[in-house]
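Trainee: Pasted the sequence and its predicted model underneath.
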Amino acid sequence: MGAMPFCAAFGCASVHKKGCGVSFFSFPKDSARRKRWTIFCRRDKFVPENHSRLCSKHFSTDQLERDPNVLERLGYVNARIKLKGDAIPDVPLRVQAAPLVLPPKTRGAFAKRNKPYLLHEALQEVELRNGNDATPVTIHHDGEAPPNSEPKTAVEVPEPEDPPVSSSQTCTTLTKKCQASITVPQRTRRIQVSMTDKNCITVSKGVQCSSLFDGVSLREAAGLVPLAEPKQEANQFILDEDTQSDVEEDEDQADSDYDPFEEEDEESDEEDQVYENGIPLRTAVHPEEERQFLVAESCLAKLLEKCGICGSPCMSSLNFTRGTMVGTRSQCTCGHVCEWESQQCLNGMPWSNIFVAGAIVFSGSNAAKCLRLFQHLKLQMMSTSTFSRIQSAYVIPSCIFTWDYHLETLLQEYQGQRLTLGGDARCDSPGYSAKYGSYTLMDLETGKILDFQLVQSNEVKSSVHMQLEGLKRGIQQLVDAGLQIDNIITDRHGMVRKFMRTEHPDKHHYFDVWHVAKGISKKLEAASKKRDCADIRPWIKSSVNHCYWVAASCGEDGYLKEQKWSSLTEHVTNKHEHCEHGVLEEDRLWIKEGSRAHKLFRDVVDSNYLMRDIPKLSPLHQTYGLEVYHSVVNSFAPKNTHFFYPAMMARLCVAALHFNENGSHHTAMTRAGAAKWQICYPKDKRGDHPVAKPIKTPITYEYIDILRINLVERRRQFPSYQTAGQDADRLLGYQPPSLTSKWEPYNKDQLVATRRSRFARQ
């Protein structure tokens, strides 16, 4: 745990340490890329582990997403380097590879359990060297001496020249009452030897072995080595701590399924992290890289109980608090006074105040709940008003600045390309009473968010007009950036349809199949609930599948889409003149032609409104990626929490940064190179139709490092709330007025005086 990462490439001496200027990257999960990285290391029989790394010296700037030279010109010295999703090391090594022999890894619990078996093998090996004949060893346990032997002697040991004891004849017992075998000690409670001879040592319960008689070791008593001279005092064999822990471990694992040769999992349930060499505490460190710890009051008092000058006892007291910061004052009996502060400040503001406010926004958390959590922990924390000031002056501008820089870099990559975009809107509340509406445009080829627009309801006529306004702003933003939009896929919004037909006739406008199929499914479900129309229900899923097949099989031919879709009304009545399939052998619940159910089914399928949209079904690209993005937005800006316009804009920026970094992460792979899958049970299927879904690689948060850097730089650039607030207004640009700005103000005292309750008691 404490070892510093080093580069796995042969001949590279790069080691991760502060100020080295080199970044280290983990081996990719993708089996193909992982194999190419492994070959590049040029090590014989090298298998990369979870801790294996390659340094940035082996990657050219073509393999990096962010050019470090560009970041350095922008003022971000030693910024973290990020590889592209398909990066391959392309800077060749200058030395020849040689085989590297690594020491075997020690297995803790398995090595302890395997110790008796290793000892047994060693004893057998010695026996084979000395011969197969053996002189038996006799042990007496009932207090009587065997014939022709001296009294009070419990063990007969062979002479040094005699051959050792054979593994099959290790002990000869004289009584049926107690029998023991001098073999490898098996440490279980069931093996307990009672030795009543006064010269023998009584062994307590547990898995313990004595020396069999005074001063004789186990190997000497077994006849494997010559008998040494007995010592004057008896030495009892006492279990060490590791042996005692093994006893308890074996007792706990005494079940039928336990296999002593099975290795345990390397991972431990313990949360403690023990560093062998220790990690030194740093005094000169950048604020964004500094670690934070929780320290209890009693431990802090114990730390300050001695004077740092003379070592005398001190009386320490809490001097002041400033948000997350505390200051103490200690005075010893000799008169020395020492003042201590828990963290660094910049112009009087503790750095942790800024980082806590930033972490709340960056993680999509609720500020009120987080501050209440700290209050329940009795953790020194800033107030709600302080959080609001820091959020407005520093956190929100940092989020917007980071997104703008990311978007500018992203749009430069799309110059000269013809794009296929997907557009969809998200409102902060259902129905027609939403305050905010955000419209997002995504490149459906790469799954990257290219633009989003936040619209407030008082900027347009009503909430239903926010989607059209967001689309107008988004398209104009991308056109001004020099991008060429070829196709755009949206839902069936009427205003959007007209806008694309009249304002952008040069662009191909398609409808997302999922939105069309969802509308068909809802209408057929409503029709099936009417009287004598239950026969429609079995055909709902088939109608949805038919809609997807029509879109995928017809390409750009709108007339063919209409013909294939309209054939569904005859297919459900068992008429297949216009169907492409062959003879159907299955017996299905057909809808009777001319019945009420068939009439309602035909009204839904052949409606003029639907037949007008069928030719515009998207044949290839769909907007399901935008639905995934909207679920990400819900985690950063939940609909049950109100945010003011700047805070809402900042959280949308963070959500877009998060999605662009993790939206296209690969499927996780096993060590054998197979994809990982999981079984999911859709709620509406009630366990009847499970679905296999791929397990993705873990989510990364590298964008958080950039946000923290921008947060620190902004604080240094604007050290006061006033200057930071003025620059924040400039960076945010236009802000719509509040919803209550045009309403007539009322006198609160008058409203309180005239307030009446229906349940008020006289």
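Mentor: It's in.

Trainee: contacts, neighbours, all on C-alpha from now
Mentor: Will do.

Trainee: Who are the packing partners of the strand or helix carrying residue 724?
Mentor: Per DSSP states H and E: residue 724 is located in helix 721-732. The criterion is 3 or more Cα pairs under 8 Å, 6 or more residues apart in numbering; DSSP states H and E, and the helices and strands that helix 721-732 contacts are helix 396-413.

Trainee: mean confidence for the helix it packs on?
Mentor: Helix 396-413 carries an average pLDDT of 94.

Trainee: Repeat that for stretch 57-65.
Mentor: Stretch 57-65 shows an average pLDDT of 84 in the prediction.

Trainee: Not counting that stretch itself, show me its contacts.
Mentor: Applying Cα atoms under 8 Å, 6 or more residues apart in numbering, the contact partners of stretch 57-65 are 22, 67, 81-84, 86-93.

Trainee: For those, give me JSON lines that also has distance to residue 611.
Mentor: As requested, the contacts of stretch 57-65 are exported to JSON lines (distance: Cα to Cα, whole Å):
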{"residue": "22", "distance to residue 611": "61"}
{"residue": "67", "distance to residue 611": "51"}
{"residue": "81", "distance to residue 611": "52"}
{"residue": "82", "distance to residue 611": "49"}
{"residue": "83", "distance to residue 611": "48"}
{"residue": "84", "distance to residue 611": "45"}
{"residue": "86", "distance to residue 611": "44"}
{"residue": "87", "distance to residue 611": "47"}
{"residue": "88", "distance to residue 611": "50"}
{"residue": "89", "distance to residue 611": "54"}
{"residue": "90", "distance to residue 611": "55"}
{"residue": "91", "distance to residue 611": "58"}
{"residue": "92", "distance to residue 611": "60"}
{"residue": "93", "distance to residue 611": "63"}
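
Trainee: who's in contact with the helix holding residue 724?
Mentor: With contact meaning Cα under 8 Å, 6+ apart, helix 721-732 is reached by 389, 390, 392, 393, 394, 396, 397, 400, 401, 646, 715, 718.

Trainee: Let me know the closest of the residues you listed to residue 9.
Mentor: Distance to residue 9 across the contacts of helix 721-732 (Cα to Cα) is lowest for residue 401, with 37.6 Å.

Trainee: From residue 709, how far out is that closest one?
Mentor: As for residue 401, its distance to residue 709 is 11 Å (criterion: Cα to Cα, to the nearest Å).

Trainee: Equivalent analysis for residue 649, please.
Mentor: Between residue 649 and residue 709 the computed distance is 20 Å (Cα to Cα).

Trainee: Neighbour count for those two, which is higher?
Mentor: Legend: neighbour count by other Cα atoms under 10 Å for residue 649 and residue 709, higher for residue 649 (23 against 18).

Trainee: Next one: the more buried one relative to residue 456, how far apart?
Mentor: Distance, residue 649 to residue 456, by Cα to Cα: 11 Å.

Trainee: what's the next secondary structure element after the helix holding residue 724?
Mentor: Counting by DSSP H and E, what follows helix 721-732 is helix 748-753.

Trainee: Separate out the buried members of the contacts of helix 721-732.
Mentor: If you count burial by 16 or more other Cα atoms under 10 Å, the buried members of these come out as 390, 392, 393, 394, 396, 397, 400, 401, 646, 715, 718.

Trainee: count of residues packed around residue 448?
Mentor: For residue 448, the count of nearby residues is 23 (other Cα under 10 Å).

Trainee: typo on my end, residue 534
Mentor: Residues near residue 534, counting by other Cα under 10 Å: 14.

Trainee: wouldn't it be in contact with residue 596 here?
Mentor: No. Here residue 534 does not reach residue 596: they are 10.3 Å apart, not a contact under Cα atoms under 8 Å.

Trainee: Touching both of these two, which residues are there?
Mentor: Overlap of the contact sets of residue 534 and residue 596 (by Cα under 8 Å, 6+ apart) is empty.

Trainee: Show me where the protein dips below the pLDDT cut-off.
Mentor: Residues of the chain meeting the criterion pLDDT under 70: 1-3, 73-79, 94-116, 125-272, 430-431, 761-762.

Trainee: try it again with 80
Mentor: The chain contains residues with pLDDT under 80 at 1-5, 16-21, 44-45, 65-81, 92-278, 430-432, 582-587, 684-688, 760-762.

Trainee: so the closest residue to residue 318 other than its chain neighbours, which of the three states?
Mentor: In space, and not counting its chain neighbours, residue 318 is closest to residue 328: 4.5 Å by Cα to Cα, 6 or more residues apart in numbering. Of the three states, residue 328 takes strand under DSSP: H, G, I helix; E, B strand; the rest coil.

Trainee: who's in contact with residue 328?
Mentor: By Cα under 8 Å, 6+ apart, the contact set of residue 328 is 316, 317, 318, 319, 320, 339, 340, 341.

Trainee: Among those, which are located in strands?
Mentor: Here DSSP state E is the test, and those give 316, 317, 318, 319, 320, 339, 340, 341 as lying in strands.

Trainee: Spell out the residue ranges of the helices in the stretch 601-750 of the chain.
Mentor: Secondary structure of the stretch 601-750 of the chain (DSSP state H, counting those that start in this stretch): helices located at 608-613, 624-636, 645-662, 702-717, 721-732, 748-753.

Trainee: Tabulate those helices in JSON lines, adding columns for distance to residue 71.
Mentor: Output for the helices of the stretch 601-750 of the chain, formatted as JSON lines (distance: least, Cα to Cα, whole Å):
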{"stretch": "helix 608-613", "distance to residue 71": "48"}
{"stretch": "helix 624-636", "distance to residue 71": "27"}
{"stretch": "helix 645-662", "distance to residue 71": "18"}
{"stretch": "helix 702-717", "distance to residue 71": "11"}
{"stretch": "helix 721-732", "distance to residue 71": "21"}
{"stretch": "helix 748-753", "distance to residue 71": "53"}
